[in-house]
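Q: give the three-dimensional model of this entry:
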Amino acid sequence: MTAPAKPAVQVELPTTLAEFRGIDWLGMAQGLGLKLLGGLAVLLLGLWIARRLANALDRAMARAHTEATLRGFLRNISYAAMVVVVTTSALFAMGVPPASVLAVLGAAGLAIGLALKDSLSNIASGVMLIMQRPFRVGDYVQAAGVEGTVDQIRVFQTRLRTIDNRTVVLPNSLITTAPIVNFTANPRRRIDIAVGVGYDDDLQRARATLLASAAAHPKVLREPAPEVLVIGLGESSVNLELRVWAKTGDVLRTRSDLNEAVRNDIIGQGMSIPYPQRDLHVYHHDADGRPLSDVLVQSVADDGDVAKPVKPKA
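A: Okay, here's the model as predicted:
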């Protein structure tokens, strides 16, 4: 035998003034106020605990020597997740039905997803940049065709500061789809100084002069040792290349100093840095195409008549 079905609970609204007056409005207000206060207490206490837990997580990652960008990203993600849990718990404490809360969260998630559908690639790219770490805050990079120092790496965008102190904000999707050049990833870099000398100059003397210029600079590293290579025979010069190593932070100034020193030392040793030269041959032709050297020389007679042309002697 099946159990008899329970009658549905029906809520009857007051229809008369007497029934309206008979409602315990004070008790209802007190019950609602208690629920609101309880929910508010849960919200405030939960946010306080969430903040403390996020800070504790950040300190734990700092003790583990986690990279600063990754620390900030994980801290923000964990704090946002805890805020969602705390807000949901506060709504439950206020008496909001769980089904309604979950429905609101689902609708909100769908709306946010549709609104940010064009930004999902930026989010995915931001996570890749933070996890794979092709560069870090403070590195000097070239990304999406822009050079600058990395100021911030966020989920949606990355902020660069150029040499002339401009701020460039790049969407992360542009960065991950283009080559990334990190100029400061390694502690030292090689500097190449190209210079041409004349074909009549002594190459051994030119090589010794370039090596002496490198040895005289205090920022040039002794290991790896500087070297000079002949990289080509140009139209008007023998092309040499001085290769030295320097610390990454000294590259720009060292390159400038070496360019100046190489120019002065080459000239000071009596050698030349040839200018590009071309031989230009100009041929003049008459209107009928004959060279002017073959045109007959004409002279004017004393009576004003034009004399017959005379062919030049062989």
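Q: in the longest helix seen in the chain, which residues are buried?
A: If you go by DSSP state H, the chain has its longest helix at helix 25-63. For helix 25-63, burial by neighbour count (16 or more other CB atoms under 10 Å) applies to 39, 42-43, 46-47, 50, 54, 58, 61. For glycine as for every other residue, the C-beta is placed from the backbone atoms N, C-alpha and C.
Q: tell me the one of these nearest Thr209?
A: Met61 (53.7 Å; CB to CB).
Q: need the contact list for the nearest residue to the closest one once chain neighbours are set aside.
A: Leaving aside its chain neighbours, Met61 sits nearest to Arg71 (4.6 Å; criterion: CB to CB, 6 or more residues apart in numbering). Arg71 makes contact with 58, 61-62, according to CB atoms under 8 Å, 6 or more residues apart in numbering.
Q: look at Arg71 and report its pLDDT.
A: For Arg71, the model assigns a pLDDT of 75.
Q: need the three-state assignment for it.
A: With DSSP: H, G, I helix; E, B strand; the rest coil as the basis, Arg71 sits in helix.
Q: quick one: it and Leu174, what's the gap?
A: Taking CB to CB, to the nearest Å as the measure, Arg71 and Leu174 are separated by 25 Å.
Q: cool, and Arg161?
A: When Arg161 is compared with Leu174 (using CB to CB), they lie 17 Å apart.
Q: repeat that for Gln204.
A: For Gln204 relative to Leu174 (CB to CB), the value is 50 Å.
Q: neighbour count winner among these two?
A: Taking other CB atoms under 10 Å, Gln204 and Leu174 do not tie; Leu174 has more neighbours (17 against 8).
Q: ok so, going back, redo the buried residues of helix 25-63 as a markdown table? Include pLDDT and distance to Leu242.
A: What follows is the buried residues of helix 25-63, written out as a markdown table (pLDDT from 0 to 100; distance: CB to CB, whole Å):
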| residue | pLDDT | distance to Leu242 |
| --- | --- | --- |
| Gly39 | 78 | 74 |
| Val42 | 82 | 71 |
| Leu43 | 84 | 68 |
| Gly46 | 86 | 65 |
| Leu47 | 87 | 62 |
| Ala50 | 87 | 59 |
| Ala54 | 87 | 53 |
| Asp58 | 85 | 48 |
| Met61 | 83 | 45 |
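Q: what's the distance between stretch 154-167 and the middle of its chain?
A: Centre-to-centre, stretch 154-167 and its host chain are 7 Å apart (CA atoms, centre = their mean, to the nearest Å).
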